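Trainee: Fold the following and give me the result.
(chains A, B, C and D)
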Protein chains: 2
Amino acid sequence: MTAKLTANDIGATCVCLGIRKAARQVARRYDDAFRPLGITSGQFSILAALLREEPVALGALADTLGMDRTTLNRNLKPLEQGKLVATSATKDDRRVRGLSLTEKGHTLLDRAIPIWRRAQADSERRLTATQWPRFRSQLRALG
Amino acid sequence: MTAKLTANDIGATCVCLGIRKAARQVARRYDDAFRPLGITSGQFSILAALLREEPVALGALADTLGMDRTTLNRNLKPLEQGKLVATSATKDDRRVRGLSLTEKGHTLLDRAIPIWRRAQADSERRLTATQWPRFRSQLRALG
DNA sequence: ATGATGTAGGTGTAATTACACTCTAATGTC
DNA sequence: GACATTAGAGTGTAATTACACCTACATCAT
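Mentor: Numbers count the residues shown, from 1 in each chain, chains lettered A, B, ... in the order given. Got it, this is the predicted structure:
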């Protein structure tokens, strides 16, 4: 008899379900926006992170993206095959794999950023300007 | 020169990256909690949704979970193999696939719910009681 | 120096995600 | 009733996610 109430509570209140559900829906919208360029929202995030600092070690980039190291490794494969990202060996530590954007990667990113701005504006509109910064700090608190 | 600033902006403000990053981190914690039972956080969400209403059509369940219909179809495979979920044909419309928990599914869920409560309390603690309901409505606004 | 410990990264396996396409059954039109 | 359209579901392919396990390199202690 409490079972039915519990079931409703879980669906409505579960932090994990709530955030994953929202994440799927948001990602689908960004994926739609980037589709003409042949990249996904996740691939865009990787490329944009590389724009920030190049070259960057795989592990450091994984931390930045809050992603498992091995997940990032797999996600890099299509980007390397598409010649958007390249690996460079580092002198001081031969274990680390330095990741950088290629010329082609930079060019694609230049085309992707205006598209990102539109998708971003659309998502922010759903949150109201004043809510998003607060929401963002809450996302970080969950990390 | 604006490029570097843009790069930082994207990493810090992108709604898609922010929510997916947080979703990965939250899911990892729930996955850890459920591991002793041999299920993932995503599988728990499916089982809990079935507790709410049985039997349920695949498409309707996918909507509830904000998941693509075909994704749910794939995610059901391990649950059916583990005999936690069963399919029943419906009389009135032979296209729909009715999904229900098995006896084994109910038993597992009974053991999973106390674990969920602990993981849930942990996540809510990170958001503060007053923030989570608001955060939840923001997640829904993104859908 | 050499042996222990730790760190960066890769691979095997398995689940999660979803688009494009297909099949089948229901429904609506004539 | 025959045919077109619509709706529910499954499959091919490919990317995303991550744990367990492995290798190679670096660093530290003795």
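Trainee: make it CA atoms for all contacts and neighbour counts henceforth
Mentor: Fine.
Trainee: which other residues reach the top helix by length along chain A?
Mentor: For chain A, the helix that runs over the most residues, judged by DSSP state H, is helix A:103-127. The contact list for helix A:103-127, computed with CA atoms under 8 Å, 6 or more residues apart in numbering or on different chains, reads A:26, A:29-30, A:33-34, A:37, A:44, A:47-48, A:51, A:83-85, A:132, B:14-16, B:138, B:141-142.
Trainee: That helix vs DNA strand C: in contact?
Mentor: No: shown here: helix A:103-127 not in contact with DNA strand C (CA under 7 Å from any atom of the strand), separated by at least 14.7 Å.
Trainee: and that helix, anywhere near DNA strand D?
Mentor: No: using CA under 7 Å from any atom of the strand, we find that helix A:103-127 stays clear of DNA strand D, coming within 14.5 Å at best.
Trainee: I'd like the next helix or strand past the lowest-mean-pLDDT helix or strand in chain A.
Mentor: Lowest on mean pLDDT, DSSP states H and E among the helices and strands of chain A sits helix A:2-13, with a mean of 70. Later in the chain than helix A:2-13, the nearest helix or strand by DSSP states H and E is helix A:15-34.
Trainee: May I see the buried residues of that following helix?
Mentor: Using 16 or more other CA atoms under 10 Å in any protein chain shown as the test for burial, helix A:15-34 gives A:15-31, A:33-34.
Trainee: Mind giving me the packing neighbours of that helix?
Mentor: helix A:41-52, helix A:103-127, helix B:15-34, helix B:41-52, helix B:103-127, helix B:131-141 (3 or more CA pairs under 8 Å, 6 or more residues apart in numbering or on different chains; DSSP states H and E).
Trainee: Residues in contact with it: which ones?
Mentor: A:11-12, A:39-41, A:112, A:115-116, A:119, A:123, B:15-16, B:19-20, B:22-23, B:26-27, B:30, B:41-42, B:45, B:65-67, B:120, B:123-124, B:136, B:139-140, B:142-143.
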